[in-house]
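K.L.:
pasting the structure only:
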DNA sequence: CTCAGTGTTCAGTG
DNA sequence: TCACTGAACACTGA
């Protein structure tokens, strides 16, 4: 589920359910990979009896502030979901499976039950999600090393242009770099390059100021819109590349009838439109 | 059976 | 030391 808008949706769901509530029961999987080496009993001890005073996000990480430290920090990895009873985690358009509302969910890694009987869970089928406990998430790695969050900490267009033009990486790679922008993942990077008409292989330092500004405008528009519709893909504008980028179909076309090409760039499948992106 | 895949980390290179 | 690239990681579902 997880680029910035999907993680923001997860944050809101957790806040709706858990903000101000006390944790009466914490179920933690015995999975040292996901829990970064922490034993389930230890994780449970950090959580049980605590009150949740805030739920925050930066980039693709979100965390709960509790009335005692340390606090749990969550990352959904490639396939993690936040779920609540009767609420299906949002899926990508590439994923045609039926909605899964089983409770407790398959692949659950953590489940918190609150003092008003509300509950939520986080799943991770492929075990690339992470749950860590930190005293001060904002000041510790990896969150401390993140670049700006484009929803909550967007720089000015001038500042963004300055930051962009002094980088030499190819654009696709730079947009995916969490030290540069926090929260942009594979589909958002492709969407930004498509909307701003930039070839994914262009070096950042080769962009003209107007081109850099186009990337900025697209970044703001895509992130704000995707979050405004709560990451509900069906409500993304029809003109977005998003709807047509899945499946690597040889005959894929944009809404304007332009050819969509698929190449591996920066190690990731990149959907782009040679006719439009120069 | 093979392979792609919403992500991060780390070793290696220039 | 820095910026950047590409492979490795674990596992499911198509």
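P.N.:
Perfect, I can see it now. What you see is a predicted model, and the numbers here were worked out from it, not measured in a lab. Residues are numbered from 1 along each chain as shown, chains lettered A, B, ... in the order given.
K.L.:
rest of the way, CA atoms for contacts and neighbours
P.N.:
OK.
K.L.:
What residues does the stretch 151-278 of chain A have near DNA strand B?
P.N.:
Counting by CA under 7 Å from any atom of the strand, the residues of the stretch 151-278 of chain A close to DNA strand B are A:176, A:178, A:183-187, A:246-248, A:268-269.
K.L.:
any idea which helix is longest in chain A?
P.N.:
Longest helix in chain A by number of residues (criterion: DSSP state H): helix A:209-228.
K.L.:
and chain A, which residues reach DNA strand C?
P.N.:
A:95-97, A:125-128, A:167-170, A:173-174, A:265-267.
K.L.:
Just the buried residues out of these, in PyMOL syntax.
P.N.:
In PyMOL, this line selects whichever of the residues of chain A next to DNA strand C come out buried by 16 or more other CA atoms under 10 Å:
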select buried, chain A and resi 127+169+170+173+174+266
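K.L.:
Lowest-confidence one in the residues of chain A next to DNA strand C?
P.N.:
pLDDT across the residues of chain A next to DNA strand C is lowest for residue A:96, at 45.
K.L.:
Residue A:152: neighbour count?
P.N.:
Per other CA atoms under 10 Å, the neighbour tally for residue A:152 reads 11.
K.L.:
Which of the three states applies to it?
P.N.:
For residue A:152, the assignment made with DSSP: H, G, I helix; E, B strand; the rest coil gives coil.
K.L.:
Can you tell me how far it is from residue A:224?
P.N.:
According to CA to CA, to the nearest Å, residue A:152 and residue A:224 sit 10 Å apart.
K.L.:
In strands, which of the residues of the stretch 151-278 of chain A next to DNA strand B fall?
P.N.:
Members of these lying in strands (criterion: DSSP state E): A:268-269.
K.L.:
Quick check on the residues of the stretch 151-278 of chain A next to DNA strand B: which are buried?
P.N.:
For those, buried by 16+ other CA under 10 Å: A:176, A:178, A:183-187, A:246, A:269.
K.L.:
Let me know the closest of those to DNA strand C.
P.N.:
residue A:176 (9.3 Å; CA to the nearest atom of the strand).
K.L.:
mind listing which of the residues of the stretch 151-278 of chain A next to DNA strand B are in helices?
P.N.:
Residues of those located in helices (DSSP H): A:176, A:186-187.
K.L.:
would CSV of the residues you listed with pLDDT and distance to residue A:163 be doable?
P.N.:
Formatted as CSV, those follow (pLDDT from 0 to 100; distance: CA to CA, whole Å):
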residue, pLDDT, distance to residue A:163
A:176, 97, 15
A:186, 97, 21
A:187, 97, 22
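K.L.:
Which of the residues you listed sits closest to residue A:241?
P.N.:
Set against residue A:241, the nearest of those by CA to CA is residue A:187 (8.8 Å).
K.L.:
Now do the same for the closest residue to the closest one other than its chain neighbours: its pLDDT.
P.N.:
Nearest non-adjacent residue to residue A:187, counting by CA to CA, 6 or more residues apart in numbering: residue A:242, 6.8 Å away. pLDDT recorded at residue A:242 is 96.
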